[in-house]
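Engineer: could you look at this predicted model? Sequence included:
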Amino acid sequence: MPFFLFPANGCNICILAICRKSCYSIKNKPKRLWTCLKIQKASEDYLETMLMLQESIGYIRSIDIAEHLGVTKPSVSYATKRLRENGYIVMDKDGLITLTDSGMAIARKMFQRHRILTDVFIKMGVDPETAAEDACKIEHDLSQATFDAICRLADSIQS
């Protein structure tokens with residue numbers, strides 16, 4: 001698996017996965033690589049939050065994103081600008097945000113992971129609040145193979 005990550009068109013938001021093993025082997029690479037990897041998780045969090053807001057209140061506003069994530073409005077403005085530039089969201093003249101098809105796909109994937117991991121942790125005896133917090137921490141880092149294995153295990157436990 002190649003470990004070079006070059007943001008396309010100067011993009012600071014990369015929706016690409018790099019395994020931790022690769023990250024540890026590239027410590028001498030440019031700092032921008034690490035920044036891009038860090039922003040990837042934040043981007044997924046922003047998109048997931050947007051989907052949750054859309055489903056719960058019917059619309060997406062920057063102020064609601066800021067309140068939900070506990071970040072400042074300028075942070076949301078910066079992130080939404082990058083997400084908009086890369087085609088994951090569109091904003092109307094009133095500032096309402098809509099996820100594009102590609103943004104929606106990422107948001108749904110992250111939301112599904114969050115929901116399933118939270119449910120598995122609760123079934124393991126973890127209290128719901130901690131389960132949700134822990135799911136949020138690891139939902140970005142799991143490989144698809146590991147996530148699929150967790151899903152199979154969860155299905156076998158239900159049966």
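Structural biologist: Sure, I can see it. Numbers count the residues shown, from 1 in each chain.

Engineer: OK, contacts around the residue nearest the centre of the chain?
Structural biologist: In the chain, the residue lying closest to the centroid (C-alpha atoms, centre = their mean) is Glu44, at 2.0 Å. With contacts defined as C-beta atoms under 8 Å, 6 or more residues apart in numbering, Glu44 is in contact with 15, 106, 110, 139-140. C-betas here are computed from N, CA, C, even on glycine.

Engineer: host element of it?
Structural biologist: helix 31-57 (DSSP states H and E).

Engineer: try Ile157
Structural biologist: Secondary structure here is read from DSSP H and E; on that basis Ile157 sits in helix 144-158.

Engineer: following the strand or helix carrying Phe111, which helix or strand comes up?
Structural biologist: Mapping Phe111 onto the secondary structure by DSSP H and E places it in helix 101-123. Scanning forward in sequence from helix 101-123 by DSSP H and E, the next helix or strand is helix 128-138.

Engineer: other SSEs contacting that next one?
Structural biologist: Applying 3 or more C-beta pairs under 8 Å, 6 or more residues apart in numbering; DSSP states H and E, one finds that helix 128-138 contacts helix 101-123.

Engineer: tally of neighbours for Asp155?
Structural biologist: 9 (other C-beta atoms under 10 Å).

Engineer: ok, it to Asp148 distance?
Structural biologist: Between Asp155 and Asp148 the distance is 11 Å, computed by C-beta to C-beta, to the nearest Å.
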